[in-house]
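Q: task: produce atomic coordinates for the following.
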Amino acid sequence: ALALALPEASHAQEAHSSITALQPQFDVAGGEDLLTNIARYGRYFITVMLGTGYVMLRPLAGAFKNPLSGILATVGLIGGAVLLKFTLELMLGVTDAGRHLILLGNFP
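A: Model (predicted):
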């Protein structure tokens, strides 16, 4: 009699029963320990990063067969690393821009 008087209550009971029926589908860990799952994602991340680095550096191996292209590749890698270092230092505020301007020959 109460369900007839309040149709929203019966609708809420149906929704609750359908949600509890779907509950096993939302069990992400599948009964495994959380730390085991987190460690698996860590290994996956490291594997993806190493694979990406390998794919990016593999073409440089051919460049080192020719001495001139090997020297150019080495200079390019060192120059890129120095540019990345300067950029990160300035972005993070580790050093001020004046130090880098003096190194580049532009005296303030």
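Q: how about residue 65, secondary structure?
A: coil (DSSP: H, G, I helix; E, B strand; the rest coil).
Q: pLDDT of stretch 90-100, averaged?
A: Taken as a whole, stretch 90-100 has a mean pLDDT of 75.
Q: ignore what I typed, I meant stretch 67-87.
A: Averaging pLDDT along stretch 67-87 yields 91.
Q: so which bits of that stretch are buried?
A: By 16 or more other CB atoms under 10 Å, the buried positions in stretch 67-87 come out as 73, 86. All C-beta spots, glycine's among them, are computed from the backbone N, C-alpha and C.
Q: any idea whether residue 95 is helix, strand or coil?
A: Using three-state DSSP, the secondary structure recorded for residue 95 is coil.
Q: dump the residue contacts of it.
A: If you count contacts by CB atoms under 8 Å, 6 or more residues apart in numbering, residue 95 has them with residue 89.
Q: got the phi/psi numbers for it?
A: Here is the backbone geometry of residue 95 (degrees, to the nearest 10): phi -130, psi 160.
Q: relative to residue 85, how far out is it?
A: For residue 95, the distance to residue 85 equals 10 Å [CB to CB, to the nearest Å].
Q: next: residue 39.
A: 32 Å.
Q: got it, and residue 46?
A: Between residue 46 and residue 85 the computed distance is 24 Å (CB to CB).
Q: residue 96 too?
A: Separation of residue 96 from residue 85 (CB to CB) stands at 15 Å.
Q: what do you get for residue 65?
A: Using CB to CB, which is the criterion applied here, residue 65 is 29 Å from residue 85.
Q: same question for residue 73.
A: For residue 73, the distance to residue 85 equals 19 Å [CB to CB].
Q: good, we can wrap up now.
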